[in-house]
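1. Mind folding the following:
(4 chains)
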Protein chains: 2
Amino acid sequence: MTESEFLAGYDPAAYERPALAVDLVLLGIRAGRLAALLLRRGQQPQAGLWALPGGFVGIAETLDAAAERVLRDKAGIGRARLEQLYTFGAVDRDPRMRIVSVAYLALLPEAAFVEALAGGAGLAAAALVVPWAGESGGPVSAEADDGAPLALAFDHADILALAVKRLRGKLDYTDVGFALLPEHFTLRQLQDVHAAIRGAPLNKSAFRRRMRDRGWIAPTGAREAGTAFRPAELYRFDRSGQF
Amino acid sequence: MTESEFLAGYDPAAYERPALAVDLVLLGIRAGRLAALLLRRGQQPQAGLWALPGGFVGIAETLDAAAERVLRDKAGIGRARLEQLYTFGAVDRDPRMRIVSVAYLALLPEAAFVEALAGGAGLAAAALVVPWAGESGGPVSAEADDGAPLALAFDHADILALAVKRLRGKLDYTDVGFALLPEHFTLRQLQDVHAAIRGAPLNKSAFRRRMRDRGWIAPTGAREAGTAFRPAELYRFDRSGQF
DNA sequence: CTTAGTTATGCTCAACTTGAGTAGAAAGAC
DNA sequence: GTCTTTCTACTCAAGTTGAGCATAACTAAG
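-> Numbering: from 1, shown residues only, chains lettered A, B, ... in the order given. As a prediction, this is how the structure comes out:
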């Protein structure tokens, strides 16, 4: 251990510190595809590019609390289950200064997603283009509702890519699929959500059988209304089946 | 957005920043159980308690580079595959000041684990006591070779617990099992590693069949030497089988 | 009112995977 | 040579998955 490292270990206040921020990946389903909520940057650097909502971490604020504050103040969303994703620490990821950012992931049901879009925060929906299968990983891109590409600021394409990868990995053995659905849903809706996350279709009867056998869903007895054809039974997520 | 948040967003240098550190979870297998390499704290606070090797992140240093530097300088280990685990940001996790720590995980084959213990860094092996099954999570504790409990410093019990949880989760679909073995190994050794990570035994023939069918291992043609009974075939990890 | 069109739901069957047990092979110890 | 122990391959039952078919339930068109 060198002298400077010794000092760095015991008197860190004497050394310059990176700034610490949080960035939020807010995902929902839009037109059957995974979509994220982004903000258009109005100022330099990277003005005009699209960025994740983010903010700096206060000195007496936990990371989770900072993420919740950004969710509330920058995205105008009252409540969502936030989960830490990964921490991005490339030295040049922000041209202004050294900023290390802890990325968080939240899943929004369609109603919450639409409400956030309509709120005054200026959020836009960006459909995610995921050019890789499974959990192999790789870059993703974003496009507007009309298919026009949305250029992403900083390393936010990497952050979105990791969010998709993580989401796919957790799909089979956690309740992430239900987080994107309203309280009552049909098996078809659940399958569509899984297909959107996987980016690949699913076998219908095997999917239904698996979901019912797993014990995570309970029939409500009610049926969906307003369909042109036979209405499907409505289910709800039954957390007790997980244990 | 309030005025103070606006300023926080655009002039963060004016605000006090948390210190940023990395902590390393260095895992190996010892006597058939998962074990971590820990350092005994010599100074206050928490003097005498056992801690993960860690250090502060330099202003022009990536997180990965900081982790590699700590691996080299604090643990005396030249090379290991480091993987970011999670970032811990409780406000009071260190009594001296606000320190946010990015935890990294590295898996050491037995030879590297023993070499690190024998090095001059002062590391000790701590067998992990994991009182929960599967990936349910929860606190873990550590004990010395003689079974005496080792009190853990700061929130390092939480960090170790998350490392075990992550390791168990990745066991079935990644190559983590091979990272804890030498280049050539028997199927029995591979099974023992998997059993140590899971904390539960495995069906022998099903395990062998699964490993061979997966295509990740290739027979070397050689057999282990020095056994009292029939020597097992030696295999090596075949990365090409992953694709 | 009847029929066509469309989706939901339950059923069956073959293919594949997993858990468990048995039998022969291969080495050292005696 | 025989015994002991482990490695390895094989078989069989049980469970899971992919795929298709028949019937039910509903709206809209005629």
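
2. Residue A:69 belongs to a helix?
-> Yes: the assignment for residue A:69 is a helix, going by DSSP: H, G, I helix; E, B strand; the rest coil.

3. Confirm for me that it is in contact with residue A:55.
-> Yes: counting by CB atoms under 8 Å, residue A:69 does reach residue A:55; the two are 6.8 Å apart. For glycine as for every other residue, the C-beta is placed from the backbone atoms N, C-alpha and C.

4. Next, count neighbours for residue A:111.
-> Number of residues near residue A:111 (other CB atoms under 10 Å in any protein chain shown) recorded here: 11.

5. residues contacting it?
-> Residues in contact with residue A:111 (CB atoms under 8 Å, 6 or more residues apart in numbering or on different chains) are residue A:182.

6. switch to 10 Å and redo it
-> Residues in contact with residue A:111 (CB atoms under 10 Å, 6 or more residues apart in numbering or on different chains) are A:28, A:182-183.

7. Neighbour-wise, which one of the residues you listed leads?
-> residue A:28 (24 neighbours).

8. hang on, that one is in a helix, isn't it?
-> No: under three-state DSSP, residue A:28 falls outside any helix and is assigned strand.

9. now it, which residues is it bridged with?
-> residue A:35 (DSSP bridges).

10. ok, now how distant is it from residue A:181?
-> 11 Å (CB to CB, to the nearest Å).

11. any residues in contact with both of the two?
-> Joint contacts of residue A:28 and residue A:181 (CB under 10 Å, 6+ apart) are A:107, A:109-110.

12. Take those residues and keep only those in strands.
-> Secondary structure assignment by DSSP state E places residue A:107 of the shared contacts of residue A:28 and residue A:181 in strands.

13. Would you show me how to pick out the buried ones of the shared contacts of residue A:28 and residue A:181 in ChimeraX?
-> Applied in ChimeraX, the following selects the buried portion of the shared contacts of residue A:28 and residue A:181 according to 16 or more other CB atoms under 10 Å in any protein chain shown:
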select /A:107,109
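
14. can you list the shared contacts of residue A:28 and residue A:181 in TSV and add distance to chain B and pLDDT?
-> Below are the shared contacts of residue A:28 and residue A:181 laid out as TSV (distance: CB to the nearest CB, whole Å; pLDDT from 0 to 100):
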residue	distance to chain B	pLDDT
A:107	19	98
A:109	26	96
A:110	27	94
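
15. Reformat the shared contacts of residue A:28 and residue A:181 as CSV; add distance to residue B:169.
-> As requested, the shared contacts of residue A:28 and residue A:181 are exported to CSV (distance: CB to CB, whole Å):
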residue, distance to residue B:169
A:107, 19
A:109, 26
A:110, 29
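
16. From the shared contacts of residue A:28 and residue A:181, pick the one nearest DNA strand C.
-> Of all the shared contacts of residue A:28 and residue A:181, residue A:110 has the smallest distance to DNA strand C: 16.5 Å, by CB to the nearest atom of the strand.

17. Residue A:96: neighbouring residues, count only.
-> When neighbours are counted by other CB under 10 Å, residue A:96 registers 12.

18. my guess is it meets residue A:153, correct?
-> No: using CB atoms under 10 Å, residue A:96 is not in contact with residue A:153; the gap is 12.0 Å.

19. which residues do those two both contact?
-> Common neighbours of residue A:96 and residue A:153 (CB under 10 Å, 6+ apart) are A:45-46.

20. hmm, stretch A:19-26 touching chain B?
-> Yes: under the criterion of CB under 10 Å from any CB of the partner chain, chain B is reached by stretch A:19-26 at A:19-22.

21. Just among those, which is most surrounded?
-> Tallying neighbours with other CB under 10 Å puts residue A:22 at the head of the residues of stretch A:19-26 next to chain B, with 29 neighbours.

22. Output the helix or strand where that one lies as CSV, nothing but the C-alphas.
-> Assigned by DSSP states H and E, residue A:22 falls within strand A:19-30. Extracted in CSV, the C-alpha atoms of strand A:19-30 (Å, rounded to 0.1, in the frame of the first residue of the first chain):
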residue,chain,number,x,y,z
ALA,A,19,-20.9,13.2,-7.4
LEU,A,20,-23.5,10.6,-6.7
ALA,A,21,-26.8,10.5,-8.6
VAL,A,22,-29.8,8.1,-9.2
ASP,A,23,-31.4,7.5,-12.5
LEU,A,24,-34.8,5.9,-12.9
VAL,A,25,-35.9,3.4,-15.5
LEU,A,26,-39.7,3.6,-15.6
LEU,A,27,-41.0,0.7,-17.7
GLY,A,28,-44.5,-0.1,-18.9
ILE,A,29,-46.2,-1.9,-21.7
ARG,A,30,-47.4,0.3,-24.6
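
23. the inter-axis angle of it versus strand B:19-30?
-> 70 degrees (axes from the mean of the first three to the mean of the last three CA atoms, to 10 degrees).

24. Tell me which of residue A:69 and residue A:55 has more neighbours.
-> Under the neighbour definition other CB under 10 Å, residue A:69 and residue A:55 were set side by side, and residue A:55 has more, 22 against 16.

25. And the helix or strand containing the more buried one, how far out from the chain middle?
-> Assigned by DSSP H and E, residue A:55 belongs to strand A:54-56. Chain-centre distance of strand A:54-56: 16 Å, with CA atoms, centre = their mean, to the nearest Å.

26. Pull up the pairing partners for it, direction included.
-> Sheet pairing for strand A:54-56, using DSSP bridges, gives strand A:19-30 (antiparallel).

27. Now look at the longest helix seen in chain A and say if it contacts chain B.
-> Longest among the helix segments of chain A by residue count, using DSSP state H, is helix A:156-170. Yes: if you take CB under 10 Å from any CB as the test, helix A:156-170 does meet chain B, through A:169-170.

28. what's the average pLDDT for that helix?
-> For helix A:156-170, the mean per-residue pLDDT is 97.

29. Packing partners of the helix or strand that comes right after it?
-> Next in sequence after helix A:156-170, counting helices and strands by DSSP H and E, comes helix A:176-179. Under the contact definition 3 or more CB pairs under 10 Å, 6 or more residues apart in numbering or on different chains; DSSP states H and E, helix A:176-179 sits against strand A:19-30, strand A:99-107, helix A:156-170, helix A:187-198, strand A:233-237.

30. Poorly predicted segments of chain A, please.
-> A:1-13, A:241-243 (pLDDT under 70).

31. Just the terminal-to-terminal distance for stretch A:128-145.
-> With CA to CA, to the nearest Å applied, stretch A:128-145 spans 11 Å between its terminal residues.

32. now that stretch, how far from the chain's geometric center?
-> Stretch A:128-145 sits 13 Å away from the centroid of its parent chain (CA atoms, centre = their mean).

33. in that stretch, what's buried?
-> A:128-130, A:140-142.

34. Need the max-distance pair from those.
-> Spatial extent of these (CB to CB) is set by the pair A:130 and A:142 at 10.3 Å.

35. Need phi/psi at the nearest residue to residue A:129 once chain neighbours are set aside.
-> Distances taken as CB to CB, 6 or more residues apart in numbering or on different chains put residue A:141 closest to residue A:129, at 4.6 Å, once the chain neighbours are dropped. Backbone torsions of residue A:141, given as degrees, to the nearest 10, read phi -130, psi 170.
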